[in-house]
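[1] no sequence on this one, just coordinates:
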């Protein structure tokens, strides 16, 4: 009986063991199948990631190429557009250099002409002395040309020291040249004396108006605005058709303005614009009128148009 029970128990345990093994085998097979699916999905994912990475790289390369081309196009386009401007700037610089050279040449020519005028004046004085030698000591004075004072040979109104002639060794050329040099080097006091001597002994020469004008400039720079107005007035009254006349009128207006006489200054500026509307002095006069809140006269404006 005990043996029979033991045998039954053994058979039951074997059956149970066989069932468990079968379930384990099936479970292992399911795990293997699942692992295969996971591996397949991993391979598929890797493939797709590789394709996506390649496409992204292509996009980046395309963008970089397009950006480079765009930068080149913009650079070249801007360069081409700026090329005329750059060339124009070069031309303007060249024109400025030419203008400066022209101004220097004109200044040099003006200085040479002034020296030539002074030498011509000296020659005229020497010829006048030769043609009309001074009377011998004790001789009666001779009568000059009609309208001149007795004992004089110059034009009317030049009696006195000018009629007697300059001192020995003094010439118009040297006197004027020395005065200009002293004025340019800052020795205004000595230049003023020399210009006054020039006007005393050579009042009817071509450079007399220049000497009178520079006396006005010296007074203006000293702050003697009343003296400057008088000196510039002398230019306008004695030498009305001289090239220095516009400059003298402009500087007279500036001296009046500095002296607090705004209305008189405006009148001078308007007179300058009226007489010389297209000159640089007229441009300066218009600027001064704008700064003091005035305007050119109607007639001058119409003429400019």
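    Yes, it's here. The structure displayed is predicted, hence computed values, not measured ones.

[2] Okay, helices next: where are they in the stretch 201-305 of the chain?
    Listed in chain order, the helices of the stretch 201-305 of the chain (DSSP state H, counting those that start in this stretch) span residues 208-222, 225-238, 245-258, 262-275, 280-291, 298-304.

[3] hey, least reliable of the ones you listed by pLDDT?
    Lowest mean pLDDT of those: helix 298-304, a mean of 44.

[4] What ranges in the protein fall below the confidence cut-off?
    Filtered on pLDDT under 70, the chain yields the residue ranges 1-6, 8, 12-20, 74, 78-79, 81-90, 92-93, 96-97, 99-164, 297-305.

[5] how about a cut-off of 90?
    1-170, 206, 241, 292-305 (pLDDT under 90).

[6] which residues in it form strands?
    In the chain, no strands are found when defined by DSSP state E.

[7] Now render the helices of the stretch 201-305 of the chain as TSV, adding mean neighbour count and distance to residue 67.
    Where you see a C-beta, it was placed from the backbone N, CA and C, and this is true even at glycine. Below are those laid out as TSV (neighbours: other CB atoms under 10 Å; distance: least, CB to CB, whole Å):
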stretch	mean neighbour count	distance to residue 67
helix 208-222	22	65
helix 225-238	19	69
helix 245-258	22	62
helix 262-275	20	61
helix 280-291	17	53
helix 298-304	12	57
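
[8] what's the closest of these to residue 7?
    Relative to residue 7, the nearest member of those by CB to CB is helix 280-291, separated by 136.5 Å.

[9] tell me the angle that closest one makes with helix 245-258.
    Relative orientation of helix 280-291 versus helix 245-258 (axes from the mean of the first three to the mean of the last three CA atoms, to 10 degrees): 20 degrees.

[10] follow-up on the earlier one: so can I have JSON lines of the helices of the stretch 201-305 of the chain showing distance to residue 36?
    Below are these laid out as JSON lines (distance: least, CB to CB, whole Å):
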{"stretch": "helix 208-222", "distance to residue 36": "109"}
{"stretch": "helix 225-238", "distance to residue 36": "113"}
{"stretch": "helix 245-258", "distance to residue 36": "107"}
{"stretch": "helix 262-275", "distance to residue 36": "106"}
{"stretch": "helix 280-291", "distance to residue 36": "97"}
{"stretch": "helix 298-304", "distance to residue 36": "102"}
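
[11] So which of those is nearest residue 25?
    Among those, helix 280-291 comes nearest to residue 25, with 111.9 Å by CB to CB.

[12] Can you spell out which helices and strands pack onto that closest one?
    Judged by 3 or more CB pairs under 8 Å, 6 or more residues apart in numbering; DSSP states H and E, the packing partners of helix 280-291 are helix 245-258, helix 262-275.

[13] One more pass at 10 Å, please.
    helix 245-258, helix 262-275, helix 298-304 (3 or more CB pairs under 10 Å, 6 or more residues apart in numbering; DSSP states H and E).

[14] closest one to residue 284 among the ones you listed?
    Nearest of those to residue 284, taken as CB to CB: helix 245-258 at 6.0 Å.

[15] Now do the closest one against helix 225-238, angle only.
    Interaxial angle, helix 245-258 versus helix 225-238 (the same axes, to 10 degrees): 150 degrees.

[16] Helix 245-258 relative to helix 262-275, how many degrees between them?
    Per the same axes, to 10 degrees, the angle that helix 245-258 makes with helix 262-275 is 160 degrees.

[17] Which elements pack onto helix 245-258?
    Looks like helix 245-258 contacts helix 208-222, helix 225-238, helix 262-275, helix 280-291 (3+ CB pairs under 10 Å, 6+ apart).

[18] that older thread, I'd like to know which of the helices of the stretch 201-305 of the chain is closest to residue 22.
    Closest among the helices of the stretch 201-305 of the chain, using CB to CB: helix 280-291, at 115.6 Å.

[19] hang on, the earlier thing: nearest to residue 61, of the helices of the stretch 201-305 of the chain?
    Nearest to residue 61, of all these, is helix 280-291, at 63.5 Å by CB to CB.

[20] Number of residues surrounding residue 178?
    Counted with other CB atoms under 10 Å, the neighbours of residue 178 add up to 17.
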